[in-house]
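K.L.:
quick one: sequence plus predicted model below, questions after.
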Amino acid sequence: MAVSETTQTQSTIPLEVFRYRPDQEEEPTFQRYEVPYRTDWVVLDALNYIKDQLDGTLSYRWSCRMGVCGSCGMMVNGEPKLTCAAFLRDYYPNPIRVEPLDYYPVIRDLVINMDDFMDKLVEVKAWLLPKEEKPLSEGEYLQTPAELAHYKQFTMCINCMLCYAACPVVGHDADFIGPAAIALAQRYNLDSRDGGADERADAIFSHEGIWKCTFVGDCTRVCPKKVDPAGAIQQAKIAATKDWFRSVLVPWGKK
Amino acid sequence: MSDSKSEKMSKEYIRPMPADWWLKKKTYFLFMVRELTCVFVGGYALFLLVLTTRLGDPQGFAALLNSPPLIALQIIALPMVFYHSITWLNLTPMVMVLWRGEERVSPFLITVAMYVIWAIISIVILWIAFLYR
Amino acid sequence: MAKSNEPIGWSLFSAGGMATAFFIPITIVLTSIVVPAGWIGAESLHDLLVLPLARLYLFVLISLALFHWAHRFRYVLVDLGLRNLAGILAITCYGAAVLGTIMAGFFLVSL
């Protein structure tokens, strides 16, 4: 045997990956893979290595690999994380457990069914409902920097669903509209160009909306874009309360 | 993507949420502790209520205040009630957003203001109580 | 347009949370340390609490504390798994707070 090759003592790190193949098994299993340890690698790199070199059957979502598309959210050691932002070096040498996002049905391996979330975005009408319809010929909607500042933080949401995977109310109650949807509703409610707060009220100011939130605050803690959905929800509670008192104390006032 | 053959709907796997979900994560546990402080707040309110029934009966009132088991319960409640105050005041800036033009009033400043108010109120109450002794 | 009547429970909870955060700790210190240790006589505290302003303080504090407890505890029980009893829990908890408020009002007025 040729002795020309030096033994590569490349360090490795084990990944324990959730596997679910409905065509083959009833119950999920965990599969252990040894991946090369590189200090500049993230969990997504490790998953790509597994898929390319070790096991092409592994299924998972990813896209931009730089924290802006929101596709690669998974549970890493029990915490919802963007796998493109979770560095191997923060876990080395301990094994890293990778699972699909909590509280959602698993379609296969690390892929969850996110239809419910998409439906909720539609339910809260997460788009601009302009206060005044202006034809294009009349030019742009004008907005001061101060007006922009009021809702800018909530525009940062990348729909990654980490907040849903962190929220125990979502875990209990599939009907709860949830952090991102409410933050996005607030993003539009607070936008000076928008006039759709009343239309969103059914979805937000209802029992399935803000009132199910018990301000656990984990959603804000795990959000990779610092949207602060928990803050958005509490602020919405205040807005709803002011609205309620106004409608009760001044019923003849303009709605 | 319709398949002329029967399309097999693959069965999605639902992971059940355990009954002891709040023991699984440190943040969930601390949340539950924070919420349960309301029991001590409510319990103390009950104690105050009973105390009010003794107003007009100075001896009964004193007996209640000097009762060892009730003192013990209050001493247990004290750190819990402090935890309520601290967590509540720390969360205030997330709920109370104040704007000055384009900038948000610093959340840290709001928290500090809350603690200052808490300190002032406590000192004033102590002062009134001692004034009256 | 507010769709649910939750705001009333939540406002009481919030007011209660703020009031209890500021006032309860020092009140407990008074009744569990200062008086039992003898730094203030029980009779002195009694005479202070009989004053109208003190009675108002007690009434507001007791009531808000009870409503704060009611709203929060009801949700805790739901979070701990009693989801199906949500309606009954709400009535029981708020009911207890209302009862406590009425009792406090009665005793503090009828002095």
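P.N.:
Everything's here; your move.

K.L.:
chain neighbours aside, what residue packs nearest to the most centrally placed residue in chain C?
P.N.:
Of all residues in chain C, the one closest to the mean position by Cα atoms, centre = their mean is residue C:65, 2.0 Å from it. Leaving out its chain neighbours, the residue that sits closest to residue C:65 by Cβ to Cβ, 6 or more residues apart in numbering or on different chains is residue B:45, at 3.7 Å. Just so you know, the C-beta spots here come from the backbone N, C-alpha and C atoms, and that holds for glycine as well.

K.L.:
burial measure for the one you found, as a count.
P.N.:
Residues near residue B:45, counting by other Cβ atoms under 10 Å in any protein chain shown, number 27.

K.L.:
please tell me how far whatever residue of chain B ends up closest to chain C sits from chain A.
P.N.:
In chain B, the residue that lies nearest chain C is residue B:42 (2.9 Å; Cβ to the nearest Cβ). Distance of residue B:42 to chain A, given as Cβ to the nearest Cβ, to the nearest Å: 17 Å.

K.L.:
what does residue B:84 give?
P.N.:
13 Å.

K.L.:
tell me the buried residues in the helix or strand where that residue lies?
P.N.:
The secondary structure element spanning residue B:84 is helix B:68-95 (assigned by DSSP states H and E). Across helix B:68-95, burial judged by 16 or more other Cβ atoms under 10 Å in any protein chain shown covers B:70-71, B:73-74, B:77-78, B:80-81, B:83-89, B:91-95.

K.L.:
so which of those residues are also by chain C?
P.N.:
Among the buried residues of helix B:68-95, the ones lying near chain C by Cβ under 8 Å from any Cβ of the partner chain are B:71, B:74, B:77-78, B:81, B:84-85, B:88-89.

K.L.:
thinking residue C:26 is in contact with residue B:126, fair?
P.N.:
Yes - taking contacts as Cβ atoms under 8 Å, residue C:26 lies within contact range of residue B:126: 6.4 Å.

K.L.:
please identify which of the two sits among more neighbours.
P.N.:
residue C:26 (20 against 15).

K.L.:
nearest spatial neighbour of that one, chain-adjacent residues omitted?
P.N.:
residue B:122 (4.0 Å).

K.L.:
cool, and residue B:35?
P.N.:
With Cβ to Cβ, 6+ apart as the criterion, residue B:35 has its nearest non-adjacent residue at 4.8 Å, and that residue is residue C:76.

K.L.:
same check, this time on residue C:96
P.N.:
Residue C:96's closest residue in space is residue C:70 (Cβ to Cβ, 6+ apart), at 6.4 Å.

K.L.:
okay, residue 4: pLDDT?
P.N.:
Using chain A. You'll see residue A:4 listed with a pLDDT of 47.

K.L.:
please refer instead to chain C.
P.N.:
70.

K.L.:
wait, doesn't it sit right on residue A:212?
P.N.:
No - applying Cβ under 8 Å, one finds residue C:4 not in contact with residue A:212, separated by 10.4 Å.

K.L.:
now residue A:129: closest residue in space, sequence neighbours ignored.
P.N.:
Per Cβ to Cβ, 6+ apart, closest to residue A:129 is residue A:196, 2.9 Å.

K.L.:
quick one: low-confidence ranges for the chain?
P.N.:
In the absence of a named chain, this looks at chain A. Applying pLDDT under 70 to chain A picks out residues A:1-9, A:253-255.

K.L.:
you answered for a different chain; I wanted chain C.
P.N.:
C:1-3, C:111.

K.L.:
quick one: residues contacting whatever residue of it ends up closest to chain B.
P.N.:
Nearest residue of chain C to chain B (Cβ to the nearest Cβ) works out as residue C:69 at 2.9 Å. For residue C:69, the contacting residues are B:38-39, B:41-42, B:45, C:16, C:93, C:97, by Cβ atoms under 8 Å, 6 or more residues apart in numbering or on different chains.

K.L.:
what's the answer for residue C:100, then?
P.N.:
With contact set as Cβ under 8 Å, 6+ apart, residue C:100 has these partners: B:45-46, B:49, C:62-63, C:66.

K.L.:
likewise residue B:44?
P.N.:
B:74, B:77, B:81, C:24, C:27-28, C:65.

K.L.:
rewinding a little: wait, the residue nearest to residue C:96 touches residue C:94, no?
P.N.:
Yes - using Cβ under 8 Å, residue C:70 makes contact with residue C:94 at a distance of 5.1 Å.

K.L.:
one step back: can you select the buried ones from the contacts of residue C:69 in PyMOL?
P.N.:
Selection of the buried residues among the contacts of residue C:69 in PyMOL, burial being defined by 16+ other Cβ under 10 Å:
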select buried, (chain B and resi 38+41+42+45) or (chain C and resi 16+93+97)
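
K.L.:
got the contacts of residue C:69 as a markdown table, with secondary structure columns?
P.N.:
Shown next, in a markdown table, are the contacts of residue C:69 (DSSP: H, G, I helix; E, B strand; the rest coil):
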| residue | secondary structure |
| --- | --- |
| B:38 | helix |
| B:39 | helix |
| B:41 | helix |
| B:42 | helix |
| B:45 | helix |
| C:16 | helix |
| C:93 | helix |
| C:97 | helix |
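
K.L.:
with that, I have no additional questions.
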